[in-house]
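Q: Provide a 3D model corresponding to the input given below.
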Amino acid sequence: MNSTSNQKPKSTNSQAEQRKFQESWLSAYEGLKYDKEKDLMFCETCLKYPMNNKLGTNIFIDGTKKKTKDVLEYHWKQHTGSMGRF
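A: The predicted structure follows:
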């Protein structure tokens, strides 16, 4: 018996990785850096002080392609306890 599935084919990139970087994030999240050539976002504070990282591994040190506001807000909340600026 042949079963059919309504599942979409697995994609190699998550939806977050396929989204475009928003230039407005650079002013909304102080210390956010974006490398256009590599299409990666970085956190300047985490790059300067990697040992202060309370989360263990940090995608903002190696660079991340997960370009969503939720990812940014979660990360910046770790620094400040609130969203946005440090």
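Q: Pretty sure C46 sits against D62.
A: No: counting by CB atoms under 8 Å, C46 stays clear of D62, with 9.8 Å between them. Bear in mind the C-beta positions are built from the backbone N, C-alpha and C, glycine included.
Q: what about those two, which has more around it?
A: Higher neighbour count among C46 and D62: C46, with 20 against 11, using other CB atoms under 10 Å.
Q: Now name the helix or strand holding that one.
A: Following DSSP states H and E, one finds C46 within helix 44-48.
Q: Just list what that helix packs against, helices and strands only.
A: strand 32-35, helix 59-62 (3 or more CB pairs under 8 Å, 6 or more residues apart in numbering; DSSP states H and E).
Q: List the buried residues in that helix.
A: Buried residues in helix 44-48, counted by 16 or more other CB atoms under 10 Å: T45, C46.
Q: Could you list the low-pLDDT ranges of this protein?
A: By pLDDT under 70, the low-scoring segments of the chain are 1-18, 51-57, 80-86.
Q: rerun that using 50 as the cut-off
A: For the chain, applying pLDDT under 50 flags the ranges 1-12, 82-86.
Q: And the strands in it?
A: With strands called from DSSP state E, the chain shows them at 32-35, 40-43.
Q: can you count the residues close to K65?
A: 16.
Q: hang on, it packs against D39?
A: Yes: using CB under 8 Å, K65 is in contact with D39, at 5.9 Å.
Q: And the helix ranked longest in the chain, what's buried?
A: In terms of residue count, the longest helix belonging to the chain (DSSP state H) is helix 69-80. By 16+ other CB under 10 Å, the buried positions in helix 69-80 come out as V71, L72, H75, W76, H79.
Q: Nice, that's everything, thank you.
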